[in-house]
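Q: build me a structure from this.
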Amino acid sequence: MIILAAGGTGGHMFPAEAVAHALAAKGRALTLITDTRGAAYTKAWPEHRAVILPIRNPGGGAKAALPFAMSALRSIPPALRALRGAEAVLCFGGYPTLPAGLLAALLGVPLLVHEQNALMGRTNRLLARYADAAALSFIDTVKVPKQAARVFTGNPVRPGIMLAAQSPYPPADSGTLEILVLGGSQGAKILADYVPAAIAALSDNLRSRVRVVQQARADDVAGVTAAYASAGIPAEVNSFFDDMPARYTAAQLVIARSGASTCAELTTIGRPALFIPFAAAAEDHQTRNAEALARQGAAWIAAETEVRSGALSEKLAALLSDPKGLHHAAAAAAGLIGYQPVQKVLAALNLS
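A: Next up is the predicted model:
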């Protein structure tokens, strides 16, 4: 039995899903430890046993400390039962992994911590002190404990994304310019509020070539659709796309938050990105992710303050007017893929 523990966001659950499929293909029995939010991401998972912990979000300041502590204590018995007979525990970040990770360390069960971001999260920082290995998605990940046994694996992506790895980049020098706008697993209101207007403000020549595919929150879909329609811009807007590999491969430019899974998917398929990091992300880790790709020439960054100031349209115009620059960035992104990240994660605990 292999235990996979992950917090309830796509950034944690998607790499766990990728590893789960690889383990299931090897005939390994799987148990997922998560919270109620994480359980919502398991529709595409292979067969597994799910243990849903009652642990609460520790956010909310001092008032949330006691409720979090009590919920963490209540989570120990189900986590302990789940670990009986476990061969290894793989933690993918987020507070729901805390009970399983600490119990694994106490019981001597092999423990691996996987960090998706360029800045190690708080829970992983704690668990990495006791883990057999800390698997990193970025070579220059910061805030990794000194005593942690680092191994660079890259960030595992879902099987469908891997099938589209390094797809040929569609030339951007003529014809349609397809822009893919992503807000992460939950959508992003700032992208819904400002990106349609920025695209509408492009020159007639550029605007006439643009086609947009945009993920938006369910509450924003109608407004975003109307904004593009009023500007005469062909657009497909939805709160969820179940064919993301095809959406990535068709795009000449991706405008997105810089969450870990988005960064991994962009480098796997090889597409240039204009990142708008989520300013309120814990310890500003999304800016760290975006900077890691921008340093390699694979992406550009627009801070939320720039977006709100109206500077986004000028930045978009400069990028879309430079097809060679887009092509070079696509090639740079493809050159950053962490080859065989799933296999490297498994090898770190001798599970390959």
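Q: show me which residues of stretch 223-233 are buried.
A: Residues of stretch 223-233 classed as buried under the neighbour-count rule (16 or more other Cβ atoms under 10 Å) are 224-225, 227-228, 231, 233. From N, CA and C alone the C-beta is placed, and that goes for glycine too.
Q: list the buried residues in stretch 247-263.
A: 247-249, 251-263.
Q: cool, stretch 206-218 as well?
A: Buried residues in stretch 206-218 (16+ other Cβ under 10 Å): 206-207, 209-217.
Q: so how far is residue 117 from the spatially most central residue of the chain?
A: Most central in the chain under Cα atoms, centre = their mean is residue 261, positioned 2.0 Å from the mean C-alpha point. Distance, residue 261 to residue 117, using Cβ to Cβ, to the nearest Å: 10 Å.
Q: again, but for residue 330
A: 23 Å.
Q: mind checking pLDDT for residue 165?
A: Model confidence at residue 165, given as pLDDT, is 88.
Q: cool, and residue 184?
A: On pLDDT, residue 184 comes in at 67.
Q: what does residue 100 give?
A: pLDDT, residue 100: 97.
Q: can you give me the helices for the stretch 151-300 of the chain?
A: In the stretch 151-300 of the chain, the segments counted as helices under DSSP state H, counting those that start in this stretch are 159-163, 189-200, 204-207, 221-230, 244-250, 260-269, 285-294.
Q: does residue 165 touch residue 268 like I think?
A: Yes: counting by Cβ atoms under 8 Å, residue 165 does reach residue 268; the two are 5.2 Å apart.
Q: need the overlap of contacts for these two.
A: Both residue 165 and residue 268 are in contact with residue 337, where contact means Cβ atoms under 8 Å, 6 or more residues apart in numbering.
Q: between those two, which is the more surrounded one?
A: The neighbour count for residue 165 versus residue 268, taken as other Cβ atoms under 10 Å, is higher for residue 268 (29 against 16).
Q: residues in contact with the more buried one?
A: 157, 161-162, 164-166, 337.
Q: one more: residue 117?
A: Listed by Cβ under 8 Å, 6+ apart, the contact set of residue 117 reads 11, 137-138, 141, 260, 285-286, 288-289.
Q: and what of residue 327?
A: Contacts of residue 327 (Cβ under 8 Å, 6+ apart): 169, 171-172.
Q: please point out which parts of stretch 300-315 sit buried.
A: 300-302, 307, 312-313, 315.
Q: ugh, wrong one, stretch 315-331
A: Judged by neighbour count using 16+ other Cβ under 10 Å, the buried positions of stretch 315-331 are 315-317, 319-320, 325-327, 329-330.
Q: will you turn those residues into CSV that also has distance to residue 278?
A: Supplementary listing: the buried residues of stretch 315-331 in CSV, determined by distance: Cβ to Cβ, whole Å:
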residue, distance to residue 278
315, 18
316, 19
317, 24
319, 21
320, 24
325, 25
326, 24
327, 28
329, 21
330, 24
